[in-house]
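Colleague: quick one, structure for this:
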Amino acid sequence: MMQAGTAGVGANPRLQIAGERQSGQDVRTQNVMAVSAVANIVKSSLGPVGLDKMLVDDIGEVTVTNDGATILKLLEVQHPAAKILVELAELQDAEVGDGTTSVVILAAELLNRANELVRNQIHPTNIISGYRLAMREACKFIEEHLAMKTDKLGKETLMNCARTSMSSKIVGAEGEFFAQMVVDAMHTVKTVDELTGKVKYPVKAINVLKAHGKSARDSVLLDGYALNLQRAAQGMPKRVAKAKIACLDMNLQKTRMMMGVQVLVSDPTELEKIRNRELDITKERIQKILDSGANVILTTKGIDDMALKYFVEAGAIACRRVPKDDLKRIAKATGATVVLTLADMEGNETFDPANLGQAEEVVEERVADDNMIMIKGSKFSKAVTLLLRGANDYMLDEMDRSIHDSLCVVKRVLESGSVVPGGGAVEAALSIYLEHFATTLGSREQLAIGEFANAALIIPKTLAVNAAKDATELVAALRAFHYKSQTSPDKKAMAQYGLDLVEGKVRNNVEAGVLEPAMSKVKMIQFATEAAITILRIDDLIRLAAAPEGEDE
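Modeller: Okay, the predicted model is just below:
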């Protein structure tokens, strides 16, 4: 490392900037160490017997989680190369929803091995082109040889995928119960795009609510969109059939004068008139909304107690302080438009009935210890609510994350229609295939592809280590099965063999129901390789020193 002199001083003729520079092998080693440190944090949380992490932030907020993306997000990583890994996990979370831990572990392992190759005098450019080639071949191999269409595997496939994704999480013990719930919820929100005719399963249409008390098995799937709040006044009806819903993002409180407006009143009676007029403006606004036919009013802001009586008299349900996200989703499901102001083009105030959404009924139901507003039979898209029950906040939050991952997995399986065996089967098959593929090349890329093949084995190895089993023996047995499946035509079915981490042996994971979406594996390999290449490309790091305070630039 060399210290740089300030420009013009000439202390160091090679680098005329205020700062320090690291280059070549130093930077690579430092980057690999940073990335490995991040990967080692999440390593022990991989797999059905992975352990949880407890994270405490600067204000003492505690999070107990097993989800790779959540752990990395809360870590607040400082090192620039390690930050790439955190973004990588978030990308996998957004694209697939599951596999965030494995993608980080694989990227770190690829980098580790690439660093070894660079030390052995192989140029990074050769390694990068070798990795790219290996990535393309791996994705092709998964799609051609390992992926199976879900229609051939029957109804249980979705349940198995949901169960596999939950197996490593807190809800794993109740996997069967929650898998059924997730699959039912996903089928309920199925929508068909009118223009393209494509079937979509929006995860956002499923509202997840959390309530303390009882056990995880008391969680229920409610038909309709539930809001965790109650009617604004007790005099309002508990049920409204053929609901016409107005979604407002405005205040229904007593109108006050604008800030900075001064009114000089000489006659005290005039003051009373001003007060009455202020009340009347709100009354007129509410009347306009009710005249349009609205009988359910949801607003993100407040409603005055005085204004509530108008709703009670009209027999309408009004709710105040509705979360904005919920309001947007309800508007989408019922076909309503969120109204920000009643002002129209002419400067008058009107409320267009076309802004109203429609639902079969809106009821207030008592669920757990709280009252909830349920919107049932919405006009455009179906909406369902998962009500999770659990002992404490940490457990409920972790259940929420696990359920979200499962919903994403089921969505991917339904939309892409292809799955692969889990439990390290894909990685072992790729390792054998790429080793063979590497020997067919006569160039330097051969070494990089060979290392890529070995790096893929980090997933089954980590799974076995976390399960307190003999990793070397298990992975060797698994490789033997996959070698047979790729060399003898009559042993093709052995490609479905993966690890059974409870018994500590190799078994057919398709029959055992351990399945993952094919897309999850393909994306994992693509993202991990891209991240490794991005970090591998860096060979120089220049840190500029902070300017001393008090000096003007």
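
Colleague: can you tell me how far Arg275 is from Thr269?
Modeller: 11 Å (C-beta to C-beta, to the nearest Å). For every residue, glycine as well, the C-beta is placed using N, CA and C.

Colleague: more neighbours: which of those two?
Modeller: Comparing Arg275 with Thr269 by other C-beta atoms under 10 Å, the one with more neighbours is Arg275, at 11 against 7.

Colleague: and the pLDDT for the more buried one?
Modeller: Reported pLDDT at Arg275 in the predicted model: 77.

Colleague: Leu133 now?
Modeller: pLDDT, Leu133: 92.

Colleague: give me the number of residues near it?
Modeller: Neighbour tally, Leu133, other C-beta under 10 Å: 19.

Colleague: also Leu271?
Modeller: The tally of other residues near Leu271 (other C-beta under 10 Å) stands at 12.

Colleague: show me what contacts it?
Modeller: Val265 (C-beta atoms under 8 Å, 6 or more residues apart in numbering).

Colleague: which SSE is it in?
Modeller: Assigned by DSSP states H and E, Leu271 belongs to helix 268-291.

Colleague: after that helix, which helix or strand is next?
Modeller: Note on helix 268-291: by DSSP H and E, the next helix or strand toward the C-terminus is strand 296-299.

Colleague: what is the strand or helix carrying Ala477 packed up against?
Modeller: Assessed by DSSP H and E, Ala477 sits inside helix 471-487. The contact analysis (3 or more C-beta pairs under 8 Å, 6 or more residues apart in numbering; DSSP states H and E) places helix 471-487 against helix 425-439, helix 458-466, strand 497-500, strand 505-508.

Colleague: still on that earlier bit, buried residues in the helix holding Leu271?
Modeller: Across helix 268-291, burial judged by 16 or more other C-beta atoms under 10 Å covers 282, 285-286, 289-290.

Colleague: buried ones in the helix holding Ala477?
Modeller: 471, 474-475, 478-479, 481-486.

Colleague: show me what contacts the residue nearest to Lys288 when sequence neighbours are not counted?
Modeller: Distance criterion C-beta to C-beta, 6 or more residues apart in numbering; nearest residue to Lys288, sequence neighbours excluded, is Phe351 at 4.5 Å. For Phe351, the contacting residues are 246, 288-289, 291-292, 294, 339, 342, by C-beta under 8 Å, 6+ apart.

Colleague: out of the residues you listed, which one sits closest to Met306?
Modeller: In terms of C-beta to C-beta, no member of those lies closer to Met306 than Ile289, at 15.8 Å.

Colleague: so that closest one versus Arg231, what's the distance?
Modeller: As for Ile289, its distance to Arg231 is 16 Å (criterion: C-beta to C-beta).

Colleague: again, but for Gly47
Modeller: Taken as C-beta to C-beta, the span from Gly47 to Arg231 is 47 Å.

Colleague: more neighbours: which of these two?
Modeller: Gly47 (25 against 21).

Colleague: how far away is that one from Gly68?
Modeller: Taking C-beta to C-beta, one finds Gly47 at 12 Å from Gly68.

Colleague: check Val203 too.
Modeller: Counting by C-beta to C-beta - Val203 and Gly68 are separated by 19 Å.

Colleague: quick one: contacts for Glu435?
Modeller: By C-beta under 8 Å, 6+ apart, Glu435 lies in contact with 450, 453.

Colleague: can you check Arg285 too?
Modeller: 252, 342, 349.

Colleague: are any of the residues you listed buried, and if so which?
Modeller: 252, 342.

Colleague: may I see the contacts of Arg285 arranged in a markdown table, with secondary structure as well?
Modeller: Conversion of the contacts of Arg285 to a markdown table gives the following (DSSP: H, G, I helix; E, B strand; the rest coil):
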| residue | secondary structure |
| --- | --- |
| Leu252 | strand |
| Leu342 | coil |
| Glu349 | strand |
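
Colleague: ok, so of the contacts of Arg285, who is nearest Gly422?
Modeller: Nearest to Gly422 among these: Leu252, at 52.7 Å, using C-beta to C-beta.

Colleague: surely that closest one is in contact with Leu308?
Modeller: No - under the criterion of C-beta atoms under 8 Å, Leu252 makes no contact with Leu308, lying 9.1 Å away.

Colleague: can you list the low-confidence ranges for this protein?
Modeller: 1-16, 153-154, 257-258, 368, 549-553 (pLDDT under 70).

Colleague: and the gap between Asn509 and His187?
Modeller: 25 Å.

Colleague: between the two, which one's more packed in?
Modeller: With neighbours defined as other C-beta under 10 Å, Asn509 and His187 compare such that Asn509 has more, 23 against 14.

Colleague: quick one: that one and Gln358, what's the gap?
Modeller: 47 Å.

Colleague: picking up where we left off before, let's have the contacts of Phe351 in a markdown table, adding distance to Ala314.
Modeller: Below are the contacts of Phe351 laid out as a markdown table (distance: C-beta to C-beta, whole Å):
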| residue | distance to Ala314 |
| --- | --- |
| Ala246 | 12 |
| Lys288 | 12 |
| Ile289 | 10 |
| Asp291 | 10 |
| Ser292 | 12 |
| Ala294 | 9 |
| Val339 | 18 |
| Leu342 | 17 |
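
Colleague: name the nearest of these relative to Ala546.
Modeller: Among those, and counting by C-beta to C-beta, the member closest to Ala546 is Val339, at 49.7 Å.

Colleague: return the distance of the closest one relative to Thr150.
Modeller: In terms of C-beta to C-beta, Val339 sits 43 Å off from Thr150.

Colleague: then Pro489?
Modeller: To Thr150, Pro489 is 25 Å away according to C-beta to C-beta.

Colleague: same check, this time on Met259
Modeller: For Met259, the distance to Thr150 - C-beta to C-beta - is 61 Å.

Colleague: out of these two, which sits in the busier spot?
Modeller: Thr150 (20 against 5).

Colleague: from Glu427, how far off is that one?
Modeller: From Thr150 over to Glu427 the distance is 21 Å, taken as C-beta to C-beta.

Colleague: please, which helix or strand holds Arg389?
Modeller: Using DSSP H and E, Arg389 sits within strand 384-390.

Colleague: now the element after that strand, going C-ward?
Modeller: helix 393-416.

Colleague: only alpha carbons, please: show that next one as PDB.
Modeller: C-alpha atoms of helix 393-416 as PDB (Å, rounded to 0.1, in the frame of the first residue of the first chain):
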ATOM      1  CA  ASP A 393     -43.900 -10.400  17.700                       C
ATOM      2  CA  TYR A 394     -40.700 -12.000  16.600                       C
ATOM      3  CA  MET A 395     -42.400 -15.300  15.800                       C
ATOM      4  CA  LEU A 396     -45.200 -13.500  13.800                       C
ATOM      5  CA  ASP A 397     -42.700 -11.400  11.800                       C
ATOM      6  CA  GLU A 398     -40.700 -14.500  10.900                       C
ATOM      7  CA  MET A 399     -43.900 -16.400  10.000                       C
ATOM      8  CA  ASP A 400     -44.800 -13.400   7.700                       C
ATOM      9  CA  ARG A 401     -41.400 -13.600   5.900                       C
ATOM     10  CA  SER A 402     -41.700 -17.400   5.500                       C
ATOM     11  CA  ILE A 403     -45.200 -17.200   4.200                       C
ATOM     12  CA  HIS A 404     -44.200 -14.500   1.700                       C
ATOM     13  CA  ASP A 405     -41.300 -16.600   0.400                       C
ATOM     14  CA  SER A 406     -43.700 -19.500   0.000                       C
ATOM     15  CA  LEU A 407     -46.200 -17.400  -1.900                       C
ATOM     16  CA  CYS A 408     -43.500 -16.200  -4.200                       C
ATOM     17  CA  VAL A 409     -42.300 -19.800  -4.900                       C
ATOM     18  CA  VAL A 410     -45.900 -21.100  -5.600                       C
ATOM     19  CA  LYS A 411     -46.400 -18.100  -7.900                       C
ATOM     20  CA  ARG A 412     -43.200 -18.900  -9.900                       C
ATOM     21  CA  VAL A 413     -44.200 -22.600 -10.200                       C
ATOM     22  CA  LEU A 414     -47.700 -21.700 -11.400                       C
ATOM     23  CA  GLU A 415     -46.400 -19.100 -13.900                       C
ATOM     24  CA  SER A 416     -43.400 -21.000 -15.200                       C
END
